[in-house]
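Asker: Sequence isn't available, so here's the structure alone:
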């Protein structure tokens, strides 16, 4: 196994996940400290998700067209870090009026780096002969470490430090992305952007006309959007149940550790399973997880339910990556990943976040029941996908 390449891709995977370990569970708490109500928090997060719909495909297409995905990811991280710094300065002074415009730049640009790194790592695993899951698990471990450190940071300095921690960790992504090895299809020289953009844009339109790809997007978007209540209000719910900040951090860490265990497991069966099988199983177990989260099951019960993250996210993610690796040609790697991110983490999660914010203000923790229904919808769509997709490239018969 090429240890050097595996290590460098693992570092690149770990960096954005480390950012997420601070941002995802605790940024809503920082927003709450700024005097933002629950419905407004969901509005802010949803707006940032919707802007991703514009930003992610543009970034993905530009990265594929230039043939220099690393440079594009580094540029996005650098600008995002700057806007998080501005957010920390302006929010205490102007509140919501400053937070909204700064968030809709900072968050989408940071998020745009994820699909690029995922695409490059998945293709790098093929080019350099290492197991993608072995690199991806370091991203999950970084998320766990960041969860724990964020809990300690909040306990020691208060919630105001979160935005600064996010700004610093996003800036660190620039350093982490720099040594990523080039893919074998990359020449090291940037392409002429005009013609390259035209070709990549045309191919992305062909991709979006594929019924199987649209069905895939619908299935995985529903599966990932079912996490909205947990991502947005999980820490707030746990706090309402009387859990300490350190225990909340531990709960997030346990879920991600379960995900790490899944990625690290040397299971031949798991690696040989069909993409649709992994997504369907993850969606089914997610429905069980969210049903349990709708009720006060106690600290131990909450801990056990967090183990379900290995299924609701881990299995679905592995199935998603397997589908994209088979169905999408290498030259469209970042574009395919970005289109998936737009639908799953932009449109779907943004829309569900808006609805969830209103539901949460009305029925509180019971909002998780709606997420269980969404997981069952993902299961049904995935079973339909399994009957429709022939397990081959979607471009096998397309003229490109």
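Answerer: Received it, and whenever you're ready, just let me know what you need. Being a predicted model, the structure only gives us computed values, none of them experimental.

Asker: how much space is there between residue 381 and residue 217?
Answerer: 10 Å (C-beta to C-beta, to the nearest Å). Backbone N, C-alpha and C define where each C-beta goes, glycine included.

Asker: quick one: common contacting residues for these two?
Answerer: Residues touching both residue 381 and residue 217 (C-beta atoms under 8 Å, 6 or more residues apart in numbering): none.

Asker: okay, residue 349: pLDDT?
Answerer: For residue 349, the model assigns a pLDDT of 87.

Asker: For residue 85, grab the count of nearby residues.
Answerer: Burial measure for residue 85: 19 neighbouring residues, criterion other C-beta atoms under 10 Å.

Asker: out of everything not next to it in sequence, what's closest to it?
Answerer: residue 167 (4.8 Å; C-beta to C-beta, 6 or more residues apart in numbering).

Asker: tell me which element the one you found falls in.
Answerer: helix 162-177 (DSSP states H and E).

Asker: Please report phi then psi for residue 392.
Answerer: Main-chain torsions, residue 392, degrees, to the nearest 10: phi -130, psi 170.

Asker: Wait, it touches residue 326, no?
Answerer: Yes. Under the criterion of C-beta atoms under 8 Å, residue 392 makes contact with residue 326 at 7.1 Å.

Asker: Look at these two and report which has more neighbours.
Answerer: Neighbours around residue 392 and residue 326, counted as other C-beta under 10 Å, are more numerous at residue 326. The numbers are 14 against 11.

Asker: Show me what counts as buried in stretch 12-19.
Answerer: 12-19 (16 or more other C-beta atoms under 10 Å).

Asker: now swap in stretch 81-95 and tell me
Answerer: With burial defined by 16+ other C-beta under 10 Å, the residues of stretch 81-95 counted as buried are 81-88, 91.

Asker: just stretch 366-375 next, same as before
Answerer: Those buried within stretch 366-375 under the rule 16+ other C-beta under 10 Å are 367-372, 374-375.

Asker: Any chance of CSV for the residues you listed, columns pLDDT, secondary structure and distance to residue 279?
Answerer: Listed next are the buried residues of stretch 366-375 as CSV, based on pLDDT from 0 to 100; DSSP: H, G, I helix; E, B strand; the rest coil; distance: C-beta to C-beta, whole Å:
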residue, pLDDT, secondary structure, distance to residue 279
367, 95, helix, 24
368, 96, helix, 21
369, 97, helix, 22
370, 96, helix, 20
371, 97, helix, 16
372, 97, helix, 17
374, 97, helix, 14
375, 97, helix, 11
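
Asker: between those, which is nearest residue 352?
Answerer: Closest approach between the buried residues of stretch 366-375 and residue 352, by C-beta to C-beta: residue 374, at 7.1 Å.

Asker: my read: that closest one touches residue 222, true?
Answerer: Yes. Because the distance of 5.5 Å satisfies C-beta under 8 Å, residue 374 is recorded as touching residue 222.

Asker: from what I can see the residue nearest to residue 85 touches residue 84, true?
Answerer: Yes. The criterion here is C-beta under 8 Å, and residue 167 meets it with residue 84 at 3.7 Å.

Asker: angle of the longest helix that the chain contains against helix 162-177?
Answerer: In terms of residue count, the longest helix belonging to the chain (DSSP state H) is helix 96-128. Put simply, helix 96-128 runs at 30 degrees to helix 162-177, going by axes from the mean of the first three to the mean of the last three C-alpha atoms, to 10 degrees.
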